[in-house]
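>>> got a structure for you, letters missing:
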């Protein structure tokens, strides 16, 4: 039985729950009774653990266990390091500098299950905003039990209701996305739904036949941003980078299937990659211009130009309004 004089701070609870998870599944109701706190407090502990990088599975509502391949043994961290990892990761992103770098290095030591072993898959940077995690438990339950979901979704074109077949939760750019197919479509086509745009969610009693893991893996592919999660047509692109942009692209893989040439006499490099969507590369070009140039295809150059023109037009309107 949990004793208050042993410490009722949340770091004690979280570390205790982590150790329990390392031994087997934990139940929220049991932990709530043992620690003498409400179930919502335990749920927040579970969410904090999950957001930190310890991917959890839930076979039924309220029951959690480490995903396949996840174990405390793989971290080799002291209790102090583990406590810092769990309780400070949610604020580290806002601190920047050496604090963020330290956490990133710890995360590099974490073991994450493959795309076919867990309902989670991280695309690019990890999403750490808990505000986007509404309905998280219901979505994971539906994924793992192949249950249909009826959702009310606020898309850019308006609010609609639809029945979805969820297969993954994707994390990218500080958002969580539900990867799902629409019920009734003859050909399986996965779409991404931002979880924070779901206004209402209902787990339906009907089950669906899950798609093959091969199809899911192919759709995620080598995506480095959420835009690249697509099983459609691939486009080969060629960029030319110089200066700091060249150094950056030589030191980090930003684009899917990225290949960088050896630097020329002027230090410039040629970058080749394959993309599914223009937005996989347009933000990169806008960030590094004028030190990065689109060689081909011409359609990609036009897409980048439209973004620049739209920005300049807005700046012009803003400048006139401020006079």
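Perfect, thanks for sending it. Owing to the predicted nature of the structure, the values given are computational and were not obtained by experimental measurement.

>>> tell me the mean pLDDT for the lengthiest helix in the chain?
Criterion DSSP state H: the longest helix present in the chain is helix 298-321. Per-residue pLDDT values over helix 298-321 give a mean of 87.

>>> can you give me how far it is from the chain middle?
For helix 298-321, the distance between its averaged C-alpha position and the chain's averaged C-alpha position is 29 Å (C-alpha atoms, centre = their mean, to the nearest Å).

>>> And for stretch 278-292?
For stretch 278-292, the distance between its averaged C-alpha position and the chain's averaged C-alpha position is 21 Å (C-alpha atoms, centre = their mean).

>>> I'd like to know the average pLDDT value across it.
Averaging the model's pLDDT scores along stretch 278-292 yields 91.

>>> going forward can the numbers begin at 576, since that is how I track them
OK, 576 is where the count begins now, so the last one is stretch 853-867.

>>> quick one: contacts of it?
For stretch 853-867, the surrounding residues in contact (C-beta atoms under 8 Å, 6 or more residues apart in numbering) are 798-800, 802-803, 812, 814-821, 823, 829-831, 848, 850, 869, 874-875, 878-879, 882-883. Bear in mind the C-beta positions are built from the backbone N, C-alpha and C, glycine included.

>>> Tell me the spatial nearest neighbour of residue 805, not counting adjacent residues.
residue 851 (3.9 Å; C-beta to C-beta, 6 or more residues apart in numbering).

>>> what's near enough to touch the one you found?
Per C-beta under 8 Å, 6+ apart, neighbours of residue 851: 796, 798, 802, 803, 804, 805, 807, 808, 809, 810, 831.

>>> and with 6 Å instead?
For residue 851, the contacting residues are 803, 805, 807, by C-beta atoms under 6 Å, 6 or more residues apart in numbering.

>>> among those residues, who's most crowded?
Highest neighbour count within the contacts of residue 851, by other C-beta atoms under 10 Å: residue 803, with 24 neighbours.

>>> From residue 722, how far out is that residue?
Distance, residue 803 to residue 722, by C-beta to C-beta, to the nearest Å: 28 Å.

>>> ok, what's across the strand from the residue nearest the centre of the chain?
When the chain is reduced to its mean C-alpha position, the nearest residue by C-alpha atoms, centre = their mean turns out to be residue 746, at 1.1 Å. The residues paired with residue 746 through beta bridges, assigned by DSSP bridges, are residue 697, residue 751.

>>> likewise residue 868?
When bridges are assigned using DSSP bridges, the partners listed for residue 868 are residue 815.

>>> Test my guess that it contacts residue 815.
Yes - with contacts defined as C-beta atoms under 6 Å, residue 868 counts as touching residue 815 at a distance of 4.6 Å.

>>> what ranges do the strands span in the chain?
Residue ranges of the strands in the chain, as given by DSSP state E, are 601-602, 631-635, 638-641, 695-697, 722-730, 733-747, 750-757, 766-769, 773-782, 810-816, 834-835, 844-850, 867-871.

>>> Residue 736 - how many residues pack around it?
As a burial measure, the neighbour count of residue 736 was computed by other C-beta under 10 Å and equals 11.

>>> any idea how far residue 725 is from it?
Computed with C-beta to C-beta, the distance linking residue 736 and residue 725 is 7 Å.

>>> So what pairs up with the residue nearest to residue 773 when sequence neighbours are not counted in the strands?
Taking C-beta to C-beta, 6+ apart, and ignoring the residues beside it in sequence, residue 773 has residue 726 as its nearest neighbour in space, at 5.2 Å. With beta bridges defined as DSSP bridges, residue 726 has these partners: residue 737, residue 776.
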